[in-house]
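Chemist: Here's my sequence, what's the structure:
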Amino acid sequence: MYPKETPMIDLPDKEPDFGFLHEIILGSVRARLLLTGIEMKLFDYLCQPRSAGELARILGLHPENTRYFLDGLAACKLVSKQTEFYRNTNISRTFLVEDSPTYLGKMLEYSARTYEAGFADIASLLQNGPPENSCCTEKEFQAMNAHGAQMIENLQRAGFARMAVEIIRTLPEFSSFQQMLDLGGGPGLTGIAIVSSHPAMQGVIFDFPAVIPAAEKNIKAYKMTEKMTVMGGNFRHDSVGSGYDLVWAGGTLNFAKEDLQKIVQKIHNAMNPKGVFVSFHEGFSHEGTAPEQSVLGKMSTNLMGYDYGLDQGVIAHAMTCVGFASVCSRTLNTPMGPIDVDIARMPL
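Modeler: As a prediction, this is how the structure comes out:
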């Protein structure tokens, strides 16, 4: 007699693959490894090869757990491992060593705190909405910007200032520019980089009065005092000056979204004929579900009652409405996700 066949188990199809869901959960492990490494300044000690035991002795850590932790960093490509010695990768040397001019550790820690803030009690926020009186005052907002000036300076130095220069230098009008405004320029490296790339252009950095000292420091440090000045104020209700051939606004108009058209009109009024206004901002698309970096990055602040996002196309639309002769738009990939570049030109 032949044995009876065992009935086949009814298994689901292999598609869809649940690996995507597993990767989402692993993301929190990667973030915790990175943030702990920053907090304990591990990357400062791995500019040269060290064993786990040596690093543990230097920092007073548990040797075996130090090895596990460093293996995790190596799995994340934040350090390399060879013959039991660990060393920073290029990205860690550039952005995670504290004395690097492009150190982003503080910015990453701040971003993590911001991203996590709205999730501490997410069930309550979903049930009840944002807490009452969640919005900060203008004074508090200015103080927050001043406190974050060094983080923004390093972020500009780490690549965003170079992107701005590349955008501006490709404009056909570049050689004719005489005066530019860096609106909401913060510590000013972007405006300084743009002006220093031009043989004759002068520049103004406009930001909150509390932020201006950071811009003044950099103007002096880069020996640009004869080409750059500063102006303190709130562009929502203060004058931004006049006579500009170029206005650059990067990551700032979204904080005045309720007055967007009024602000764009103010910029238009401050410009010379043939002038060019360049906007560099995130833009939400696909009914607010993309780009992923923008949606997830703003999620916590949205839940807490701070909606600083702009839909793709609203800046370009405002530019057209206030009288710019032409507007062209494109999207650039950046280390922090896609950014929309809207370029508006004044009538001749």
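Chemist: how deep is Ala164 tucked in, by neighbour count?
Modeler: 23 (other Cβ atoms under 10 Å). Using the backbone N, CA and C atoms, a C-beta is placed for each residue, glycine as well.
Chemist: before we move on, what SS does it have?
Modeler: Classification of Ala164 by DSSP: H, G, I helix; E, B strand; the rest coil places it in helix.
Chemist: any idea how far the residue nearest to it when sequence neighbours are not counted is from Asn65?
Modeler: Distance criterion Cβ to Cβ, 6 or more residues apart in numbering; nearest residue to Ala164, sequence neighbours excluded, is Thr190 at 4.8 Å. Relative to Asn65, Thr190 is positioned 42 Å away (Cβ to Cβ, to the nearest Å).
Chemist: cool, Cys136 as well?
Modeler: With Cβ to Cβ as the criterion, Cys136 and Asn65 are 40 Å apart.
Chemist: can you check Ala249 too?
Modeler: 48 Å.
Chemist: Same drill for Thr190 and Asn65, tell me which one is more crowded.
Modeler: Thr190 (29 against 11).
Chemist: show me what contacts Val204?
Modeler: Neighbouring residues of Val204 by Cβ atoms under 8 Å, 6 or more residues apart in numbering: 179-182, 191, 228-231, 241, 244.
Chemist: What is the nearest of those to Gly288?
Modeler: Nearest to Gly288 among the contacts of Val204: Asp182, at 29.3 Å, using Cβ to Cβ.
Chemist: Could you report the neighbour count for the closest one?
Modeler: Neighbours of Asp182 using other Cβ under 10 Å come to 30.
Chemist: now do Val276
Modeler: Look at Val276: counted by other Cβ under 10 Å, it has 24 neighbours.
Chemist: And it, its phi and psi?
Modeler: Torsion angles at Val276 (phi, psi; degrees, to the nearest 10) stand at phi -130, psi 130.
Chemist: which intervals of the stretch 151-300 of the chain have sub-threshold pLDDT?
Modeler: The model of the stretch 151-300 of the chain has no residue with pLDDT under 70.
Chemist: In it, mark out all the helices, start to finish.
Modeler: For the stretch 151-300 of the chain, the helices defined by DSSP state H, counting those that start in this stretch cover 161-169, 189-196, 212-221, 260-269, 292-303.
Chemist: my guess is Tyr45 meets Arg57, correct?
Modeler: No: assessed by Cβ atoms under 8 Å, Tyr45 is found out of contact with Arg57, at 10.8 Å.
Chemist: Domains of the protein: list them as residue ranges, please.
Modeler: Using automatic domain parsing, the domains assigned to the chain come out as 19-100, 137-288+308-345.
Chemist: Name only those of the contacts of Val204 that count as buried.
Modeler: If you count burial by 16 or more other Cβ atoms under 10 Å, the buried members of the contacts of Val204 come out as 179-182, 191, 228-231, 241, 244.
Chemist: For those, please prepare a markdown table with the additional fields distance to Ala270.
Modeler: Converted to a markdown table, those look like this (distance: Cβ to Cβ, whole Å):
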| residue | distance to Ala270 |
| --- | --- |
| Gln179 | 10 |
| Met180 | 11 |
| Leu181 | 7 |
| Asp182 | 13 |
| Gly191 | 15 |
| Met228 | 17 |
| Thr229 | 15 |
| Val230 | 16 |
| Met231 | 11 |
| Gly241 | 6 |
| Tyr244 | 6 |
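Chemist: Just these: which are in strands?
Modeler: 179-182, 228-231, 244 (DSSP state E).
Chemist: Closest one of those to Val295?
Modeler: The closest of those to Val295 turns out to be Asp182 (Cβ to Cβ; 27.7 Å).
Chemist: If we ignore the residues flanking it in sequence, what's nearest the closest one?
Modeler: Using Cβ to Cβ, 6+ apart, the nearest residue to Asp182 is Gly191, at 3.1 Å.
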